[in-house]
Structures are given as structure tokens and as C-alpha cells.
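Need a 3D model of the following:
(chains A and B)
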Number of protein chains: 2
Amino acid sequence: MPRGHPGHFYLFLCTMNTDLFSFVRLQTFTEAVFLKMGCSPSHAKMATEALLAADLRGIDSHGVARLSGYVRLWEAGRINASPSIRIVHETPSTAVLDGDSGLGLVVAQEAMDIAIKKARDVGTGWVSVQNSNHFGIAGYYAMMALQHDMIGMAMTNASPLVAPTFSSDKMLGTNPIAVAAPAGEQPAFVADLATTTAANGKLEILQRKNLDTPSGWVQDKEGLASTDAHILKKGGALLPLGSDREHGSHKGYALGAIVDVFSALLSGANYAPWVPPFPVYVPMPSRQPGKGIGHFLGALRIDAFRPANEFKRSMDDWIGGFRGAASIEGQQKVIVPGDPEREAQQHRMKQGIPLESSVVKDLQQVADQFSLTL
Amino acid sequence: MPRGHPGHFYLFLCTMNTDLFSFVRLQTFTEAVFLKMGCSPSHAKMATEALLAADLRGIDSHGVARLSGYVRLWEAGRINASPSIRIVHETPSTAVLDGDSGLGLVVAQEAMDIAIKKARDVGTGWVSVQNSNHFGIAGYYAMMALQHDMIGMAMTNASPLVAPTFSSDKMLGTNPIAVAAPAGEQPAFVADLATTTAANGKLEILQRKNLDTPSGWVQDKEGLASTDAHILKKGGALLPLGSDREHGSHKGYALGAIVDVFSALLSGANYAPWVPPFPVYVPMPSRQPGKGIGHFLGALRIDAFRPANEFKRSMDDWIGGFRGAASIEGQQKVIVPGDPEREAQQHRMKQGIPLESSVVKDLQQVADQFSLTL
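From the prediction side, this is the model:
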């Protein structure tokens, strides 16, 4: 593959050296690790389900590949395995939740449960969370609303990797937005997107292979265009969705900023470049204007707007329209948000979850540390 | 300027042939036109304020340049100048509003007023609108929340100009998202973005000058890359924010889809490629799965989360951080969302609003039609 022209990039992602693990095997192991950390049985179960949702849905960067990272944060005293999660303030449709430094995987589920309860009572529920940690994939929490005939929404801020348009400073995280809406006969609509051109996970894959990125993904520490997949370690930054000003990077930057406002400014969490990093070896920011990481979770009860069956019929019609949209010659069919992840989940539940050898090695170390069997 | 390399594109936008009109002159004229259409005095005033907010804030494509378009829709019976705007269904935090084919400029303000009232009562308010028309700039409605110490949110769907990733069919409008959040000593944060790489207004400017677009803005009717600014008339499409799959166009497409779900699927308005067009000469879509155009307006009372003065202090700190972020050599300073529009407003209130000669001619025709003086 020529450097700088990763034409068959996506194909290439599927051909790496991996071992297959059954979902149940990873589930048993992950739950045992969280129990060893001191999580309650219910929290260990919740955290495992949220974490493995990433592996099942094909978002390999956010699943068990991060399990050792959570363990390191717990060792450093930055994750509290038995948090007293509490509501700081609330109104009929809102709450601010203090995660007490708990696992984001647990805290965000508690927050979404509150949002759903409030939506049941007054139509919608919105919970802004302070003092939390990395929560895995946003889509998991948005999807919690689906079984209640609600639309779910989830956002989180994250440690700074992204430079706003016109700057060489990393000021925002990859700050994802997820929205899940139920359909009738069609599968649910599930959008889950980092507000950057490319997710950091894709960069990590290129790093391991020592390949360049496409143009428009990253810049160097001076803010100049780069295709070096290792550029973050050299002071470079990810670019907001849109890549450059001419292609709308100010919009990606604004979207990342909106996520920060809802997740951290509304809750009292850390924001902008002062969000604590996930890797325990990365130094903490120079100041702490808030507490921990922030999330924002929302639920909208559909029949607070119109009858749910009418909405779902319309969603089926909408989705059908997109499935029927004309393809471009030589390209794949139009995708409805959520399709690839659902297909990955169906496939991986049956066939197993492929883990790269470096991840397996990492998990083995965790197993050894806690005297567990992987 | 070499074709296909519009390097100084933004500079060029400011050097076109224009006449200056004072805000008061355009205000008096626009209000008179809405009165002639049969709007009530209060509706004429509201519609004028919303429409001219675009001209003041420098979004020239959405202001008086569209006034004749509203008149043509009214002549065609598609805009009802004296609508009975009514709540179809509501809960403490939600409502669906039927705009009765009224001016979107009026209907969206009524909807935002309801959202603000509900936010006062239960913390947040969310109004999905059916049976409306084009509402101008989304930012205007989001900003209505600011004076109440609330965060405002506004979205609208629009007639199909945008192809989803992998398709040659136009399936979505430019579907903008706006969020406004108050600060303390700093001016408010106001993000207002179409979910496309470039707004249609920028394309129209290039069309008038017969210049090409940068790459990644449009595709032709087969879905192939194009830089033809006239390509929409030839069956081509605007591209979602991200431009292509490798640069995240599936994210721009998902964001446009989310706007459609909130604005139309929740309210019962038309959606996807079936949203009625703004220009009266464009044929109506083959079917009407809902009523008119859809909007979604939201208000979040800040002290439903945390004390407003604390939030505003944090916003000041956040904004200060971005203003202080390192610039890239040779580029302008980092912009906080809302800066350029606020500066345009300050400048244009004093110096006047520049209108292109084609827009002046258009307004003169409207003046003649209604026996008014421009």
C-alpha cells in the first residue's frame, strides 16, 4: 500500500493478526476483573455489558482493549470502584449527577436510568454528569432508551486531542455524540460519532503498522498538515470533522464544543484542555476547573410528541427510503446509521470477537495480576 | 483566481458589487411587505426581526435575499399569512406544534416561546413543529433563550439537496443545528451550522461569478467528484460535512439525519427527500408523508442544572481558554463560535447592510408589486 494513499484502508483493517474470543469468555473474564477491583456484583455486570458492547459492535478501540487502562486508573486512585453516585441537583426534567470518581461505564448507566425515569414522568429527561471517568461507547447509553419507546442521546467530553480551527493547541477531546431512535419493522437508527474527522482508534491501528494517515486527519505541533500517524506523540493534534476551514472544520470544532458545554459546563466537570487523560502515564492537566470527566445523557419519550406506533411507521418509511437510495457505481450500498455495528454484533455473537495479539497480551497481564484465567 | 484553487475565496466574498442599506430601512420595508401579505402587525414584526437577523449577522443567503421567495410561496397558497398555530399534543416538557402553513419565521418563535415557558416550569422544554415553512437562520431561535439564562437549541429540516455517503440521490436538506449558551463577561457562545461541508449560499455566490467550488463540496448526478458550482441544477448534490467517507462524510450524513428525526419524524412533518422545496418553481416531491417542513426547538434552564452565575463563570473561562489558544503561523486567531456573526452585526448596525444588485432588483420588484417604496 503506497504511503499517503491508503486506498483499501478499510479492507486492510480486517486482515490483521487476531485471535477469536467468544463473547461469554470475555464477559466472564471482564466481570471477574471488575469484581477484583472491588466493584459490587451489579456494578461489575453493568460495566462489563457497557464495555463489551464496544467489542460486539466492532468499535475495538473502546472495548476490552481499554480494560487494562481502567485497572491502571483504579490503581492510581483515580477510579473509585465503590462510588456513592448521587444527584447534586434536580428538577422534573433535569439532574446533575456526581459520579464520585466511579467507572464511567457504571455512572453513565445510572444517569441514563434517571433520564429515562424523568422522561416517563414529564416527557423528557436530561442528566449532566460530573466527576466521572471514560464511559466507553456513547451509543450504548443512547440505545438504553430504545426498549422504552424513547429516543436516547449520549455525549461525553474527553481529554484534549483535537485542535480547533486555526490553532495548534489541543483544546478538545474527540467528544462523541450518539442518538438512538426506535423503528418498527426496521432495526433502530443508531448514530454514534466522534466530532473529529477520524477516531483516535483508527490512528492507533495505523501506528501499529507504521503507516501514514490520509490527508486531513491530523496536523503537526505547528499546526501544519501532516500524515504521520504518530504525530500526537510529537505534539500534533487530531482535526475536527471537516479537516480544514474550507471543508467545514469550524463546524466539527463547534460540535465538539457543544458536547463540552452540555457534558462539563452544565455539570461542573473539567472542560476544554483540562479534562484528565485516560492513560495513567499522561501527566494531569495544569489545573482542574471542575471534577473528573463530564457526560450528558438524554431521553425523549416518543409519545410525549406523537403516538409511538406512528413515529415507528415513519421511521420505517424513512429508513426504507435510504435503503432504496441509488448507489454510486463501484461503491457499496447506502448505510443507515447503526447498520455496520448491528451486523458486527450479530456476526461476533456467533463467530466470536477478534482481538489483536497486543490486546490479548495486555489482558493476560491483567489476568496474572488478579490471578484470573483469561 | 485559478479555477479549482479558490485560495482567497473568503476574501473574495467581501469584494462583490453591493449597495448599502440601513437596518431601519430594510426593517421598515420588510415589515410593510409582510403586512401587505396579510400578516398581523405582531407577526409582521416577528417575521421581520427573524429574517433581518440573518442580514445583520452576515448570513446573506438567508435574509432579505429570500423575501421575494416567501412572497412567491404566499402567492402559490403555500404560506398562510394568518395561521392558527396550535399545540397538537403536550406534556410538561414537550409539545408538538402545528404551524398551519404559517411563515417559519413566526412559527419557530412561537415554538421557542413554548419551549422557554416549559423550561421555566420543569427545567427544559422541547417543541417539535409540523406544517411550517422555511424559518431563516436557526441561530436566531437558539439565541432567544439567552436572555432567560437558558441554553437554546434549534434545528430544521429542509428540501433535499444533500446526498448521503455512497449515494447519488439527494435525500436530506442542509439541516442546520444551532446551540446558544450564555456567558458572563464574554459574549454568548452561538454555534449555527449546516450539516453539509459548505452551505448552499456559498455555492450561489460562486454560481453568480461562474467559479468552481473547492473539491469536496459537491458531486455530480452519478455521484462522482465535481467542482462545478452549477452542479445542483444538473442533478448533482451537496456533500455532507466531511466530504467523503475517508474524511467522515458518514458523520455529516448522520447529523443531518438526526435533525430530520427530531424536526420531522417526531412532529409529523415531511422528511427525507419529501420535504417541500423553497423555490416555488421547483416541483413538489412525489409524495407528502407528513405536513409541511419540520423544526425542533429546545430550551434548557441553566439553574435546573447548576447556578447560572457559576455556569457563566465557567463559560468565561472556557471562552478565554480558546481565545488564548496558540495560532498557526500565517493564519487568523482562533474563533469562538458566534464571534464572526456578532462582529458582523455590530458593524452592519452602524455601517449598513450590503446587498448585491440582484437582491436589490428582486426587492424592487416586490416593492412595485405591493406599491411600496424600498
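
only C-alpha atoms for contact and neighbour calcs from this point on.
Fine.

what residues does the stretch 251-374 of chain A put near chain B?
Residues of the stretch 251-374 of chain A found near chain B (Cα under 8 Å from any Cα of the partner chain) are A:251, A:254, A:258, A:265-268, A:271-272, A:302, A:304-306, A:311, A:314-315, A:318, A:321-322, A:325-329, A:331-335, A:337.

for chain A, which helix is longest?
Using DSSP state H, we find that the single longest helix of chain A is helix A:104-122.

Mind checking which of the residues of the stretch 251-374 of chain A next to chain B are in helices?
Secondary structure from DSSP H places A:251, A:254, A:258, A:311, A:314-315, A:318, A:321-322 of those in helices.

Drop anything exposed from the residues you listed.
A:251, A:254, A:258, A:311, A:314-315, A:318, A:322 (16 or more other Cα atoms under 10 Å in any protein chain shown).

Would you mind getting the angle between the longest helix of chain A and helix B:104-122?
100 degrees (axes from the mean of the first three to the mean of the last three Cα atoms, to 10 degrees).

Output the contacting helices and strands for helix A:104-122.
Counting contacts by 3 or more Cα pairs under 8 Å, 6 or more residues apart in numbering or on different chains; DSSP states H and E, helix A:104-122 is packed against helix A:41-56, strand A:94-98, strand A:124-132, helix A:138-143, strand A:293-301.

so who does whatever residue of the stretch 251-374 of chain A ends up closest to chain B touch?
Nearest to chain B, among the residues of the stretch 251-374 of chain A, is A:Ser327, at 4.6 Å (Cα to the nearest Cα). Residues near A:Ser327 by Cα atoms under 8 Å, 6 or more residues apart in numbering or on different chains: A:333-334, B:166-169.

Can you tell me the closest non-neighbouring residue to it?
Counting by Cα to Cα, 6 or more residues apart in numbering or on different chains, B:Ser167 is the residue found nearest to A:Ser327 once chain neighbours are left out, at 4.6 Å.

How many residues are close by the one you found?
Applying other Cα atoms under 10 Å in any protein chain shown, we find 27 other residues in the vicinity of B:Ser167.

so it touches A:Lys333, yeah?
Yes - counting by Cα atoms under 8 Å, B:Ser167 touches A:Lys333, with 7.5 Å between them.

I'd like to know how many residues surround A:Leu20.
Counted with other Cα under 10 Å, the neighbours of A:Leu20 add up to 12.

returning to what we had before: which one of the ones in helices among the residues of the stretch 251-374 of chain A next to chain B is nearest A:Val179?
A:Met315 (13.9 Å; Cα to Cα).

For the closest one, list the residues it contacts.
When contacts are counted by Cα under 8 Å, 6+ apart, A:Met315 touches A:182-184, A:186, B:265.

residues in contact with A:Ile293?
Contacts of A:Ile293 (Cα under 8 Å, 6+ apart): A:129-134, A:156-158, A:264, A:269-271, A:275-276.

Which single one of the residues you listed is nearest to A:Pro176?
Using Cα to Cα, the contacts of A:Ile293 come closest to A:Pro176 at A:Thr156, 6.2 Å.

OK, contacts around A:Tyr70?
With Cα under 8 Å, 6+ apart, A:Tyr70 has these contacts: A:Ile79.

Moving C-terminal from the helix or strand containing it, which element do we reach first?
Using DSSP states H and E, A:Tyr70 sits within helix A:67-75. Counting by DSSP H and E, the element after helix A:67-75 in chain order, helix or strand, is strand A:86-91.

quick one: strands adjacent to that next one?
Sheet pairing here is set by DSSP bridges, and for strand A:86-91 it gives strand A:94-98 (antiparallel).

what's the offset of the partner strand from the middle of its chain?
With Cα atoms, centre = their mean, to the nearest Å as the basis, strand A:94-98 stands 20 Å off its chain's centre.

With stretch A:282-299 instead?
Remark: stretch A:282-299 is offset 15 Å from the chain centroid, using Cα atoms, centre = their mean.

Please work out the average pLDDT along that stretch.
On average, the pLDDT along stretch A:282-299 is 97.

got the angle between the host helix or strand of A:Leu363 and helix A:67-75?
Using DSSP H and E, A:Leu363 sits in helix A:357-369. Per the same axes, to 10 degrees, the angle that helix A:357-369 makes with helix A:67-75 is 40 degrees.

which residues touch helix A:357-369?
With Cα under 8 Å, 6+ apart, helix A:357-369 has contacts from A:17-19, A:33, A:64-65, A:67-68, A:373-374.

do stretch A:332-347 as well
Contacting residues not belonging to stretch A:332-347 are listed as A:56-59, A:188-192, A:319, A:322-323, A:325-327, B:164-167, B:254 [Cα under 8 Å, 6+ apart].

Try it again at 7 Å.
The contact list for stretch A:332-347 (Cα atoms under 7 Å, 6 or more residues apart in numbering or on different chains) reads A:56-58, A:189-191, A:319, A:322-323, A:325, A:327, B:165-167, B:254.

Equivalent analysis for stretch A:53-66, please.
Contacts of stretch A:53-66 (Cα under 7 Å, 6+ apart): A:51-52, A:136-137, A:140, A:201, A:341-342, A:344-345, A:348-349, A:353, A:359.

Can you select the buried ones from those residues in ChimeraX?
For the buried members of these, the matching ChimeraX selection, counting by 16+ other Cα under 10 Å, is:
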select /A:51,52,136,137,140,341,342,344,345,348,353,359
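
okay, who's weakest in the contacts of stretch A:53-66 by pLDDT?
Among the contacts of stretch A:53-66, A:Gly201 has the weakest pLDDT, 82.

how near is the nearest residue to that residue once chain neighbours are set aside to A:Leu203?
Counting by Cα to Cα, 6+ apart, A:Ser61 is the residue found nearest to A:Gly201 once chain neighbours are left out, at 5.1 Å. Per Cα to Cα, to the nearest Å, A:Ser61 is found 10 Å from A:Leu203.

re earlier: could you list the buried residues of the helix holding A:Tyr70?
A:67-74.

what angle do it and helix A:41-56 make?
Angle of helix A:67-75 versus helix A:41-56, following the same axes, to 10 degrees, is 150 degrees.

Contacts only, for the most centrally placed residue in chain A.
The residue lying closest to the centre of chain A (Cα atoms, centre = their mean) is A:Ile137, at 2.8 Å. By Cα under 7 Å, 6+ apart, the contact set of A:Ile137 is A:54, A:62.

Equivalent analysis for the one 5 residues further on, please.
Applying Cα under 7 Å, 6+ apart, we find A:Ala142 in contact with A:152-154, A:178-180.

do the same with A:His89
Residues near A:His89 by Cα under 7 Å, 6+ apart: A:95-96, B:305.
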